[in-house]
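J.: Next input, structure requested:
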Amino acid sequence: MKMQWSLFLIILMGQCSSSTRQPHVYHFINETKTWDEARKYCRENYTDLATIDNMEDMNRLIESAGGDNSSAAWIGLEKTGGREWHWSLPGTEYNENETNWAPNEPNDKVGIENCVWMKPEGNWIDNSCANKAWFICYNGTNNTDTFHLIEEEKTWRQAQDYCREKHTDLISGNQTFNEEVQRKMNSPDPSARYVIGLFRDSWKWSDGSNSSFRYWPTHVPENPQGNCTVTRLDQQGRWDSDRCNETKPFFCCDGEFGPQRR
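T.: Numbers count the residues shown, from 1 in each chain. You can find the predicted model right below:
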């Protein structure tokens, strides 16, 4: 049997988990299958295709390749239907009863607008993820919550990468109502706008998880090449979309319990 069809299991020293479910273990399956075949295999032998909750999970996936950077492997993210709002900060759920949208927002005024900016008075507006603005980072280290206004213009994804590298993440959830944030945004320019950590997309995890973690190279693809997601090990694990009938190796998650599948 050819090497590409042989089976290798790499059990990671880590978990693909969230605060709402029991720990899972990652398994890298170096046998090529379509996305549906890979999901079937994972559900029969483990729990499901891999869900990724944070950068710690991503780093473990990358390390599991053992130096082989030629693979693109399926994970459990699939494009399914209508768009839903998510906060960038892992574990922070979007609550439609705790929002601060400006009048008539969100409205997709100029095409598809899947990312959110905040006005100086604290109201939110949707905007293209490719547009640039100043942004606000959240830092939750040292047992204190601090906020940093970054006076550099970046796209939503660039701002997220910056905040995750230098702080914790983009400002998310109820943090946007913080008095310290309002002071930092106190601008005499009524047209000022600031990127925050709210975005929407149509991508769902196979195991039914509501994890908001995304690792696309730019913004979430509006017109993807395919409806299934791979992690590209030759590009530091950055994700890409591909046709679901392509055959690739894949990552499974394992655990005693998990969320209800779709």
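
J.: Need the nearest residue in space to Gln175, chain neighbours excluded.
T.: Distance criterion C-beta to C-beta, 6 or more residues apart in numbering; nearest residue to Gln175, sequence neighbours excluded, is Tyr138 at 5.7 Å. From N, CA and C alone the C-beta is placed, and that goes for glycine too.

J.: can I assume the one you found is in contact with Asp145?
T.: Yes: if you go by C-beta atoms under 8 Å, Tyr138 and Asp145 touch, sitting 7.0 Å apart.

J.: which residue ranges form the helices in the chain?
T.: Counting by DSSP state H, residue ranges of the helices within the chain are 35-45, 55-63, 156-166, 179-184.

J.: Tell me which residues of the last one come out buried.
T.: Neighbour counts over helix 179-184 (16 or more other C-beta atoms under 10 Å) mark Val181 as buried.

J.: Same question for the second one.
T.: Burial within helix 55-63, assessed by neighbour count using 16+ other C-beta under 10 Å, is assigned to Asp57, Met58, Arg60, Leu61.

J.: Show me what that helix is packed against.
T.: Helix 55-63 is packed against strand 25-33, strand 228-232, with contacts defined by 3 or more C-beta pairs under 8 Å, 6 or more residues apart in numbering; DSSP states H and E.

J.: tell me the mean pLDDT for the last one?
T.: Mean pLDDT, strand 228-232: 94.

J.: which residues touch that strand?
T.: 35, 58, 61-62, 72-79, 203, 215, 237-244, 248, 251 (C-beta atoms under 8 Å, 6 or more residues apart in numbering).

J.: Buried members of these into PyMOL, please.
T.: Typed into PyMOL, the next command selects the buried ones out of those (criterion: 16+ other C-beta under 10 Å):
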select buried, resi 35+58+61+72+73+74+75+76+77+78+79+203+215+237+238+239+240+241+242+244+248+251
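
J.: The contacts of strand 228-232 in strands, which ones?
T.: Members of the contacts of strand 228-232 lying in strands (criterion: DSSP state E): 72-79, 203, 239-242, 248, 251.

J.: How many residues are close by Asp189?
T.: The number of residues packed around Asp189, counting by other C-beta atoms under 10 Å, is 7.

J.: picking that back up, Pro188: which of the buried residues of helix 55-63 is nearest?
T.: Checking the buried residues of helix 55-63 against Pro188 by C-beta to C-beta gives Met58 as the nearest, at 40.8 Å.

J.: ok, now which ones touch the closest one?
T.: Contacts for Met58 were tallied using C-beta under 8 Å, 6+ apart; they are Ile52, Tyr215, Thr231, Gly237.

J.: Please repeat the previous calculation with a cut-off of 10 Å.
T.: Met58 makes contact with Ile52, Ile75, Phe213, Tyr215, Thr231, Gln236, Gly237, Arg238, Trp239, according to C-beta atoms under 10 Å, 6 or more residues apart in numbering.

J.: For the stretch 1-150 of the chain, give me the ranges with low pLDDT.
T.: Applying pLDDT under 70 to the stretch 1-150 of the chain flags the ranges 1-24, 67-68, 142-143.

J.: Now with 50, please.
T.: 1-21, 23 (pLDDT under 50).

J.: Strands of that one, start to end?
T.: Along the stretch 1-150 of the chain, counting by DSSP state E, counting those that start in this stretch, strands occupy 9-11, 25-33, 48-49, 72-87, 115-118, 124-127, 133-139, 146-154.

J.: how about a markdown table for these, with distance to Gly66 added?
T.: Output for the strands of the stretch 1-150 of the chain, formatted as a markdown table (distance: least, C-beta to C-beta, whole Å):
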| stretch | distance to Gly66 |
| --- | --- |
| strand 9-11 | 7 |
| strand 25-33 | 9 |
| strand 48-49 | 20 |
| strand 72-87 | 13 |
| strand 115-118 | 36 |
| strand 124-127 | 41 |
| strand 133-139 | 34 |
| strand 146-154 | 34 |
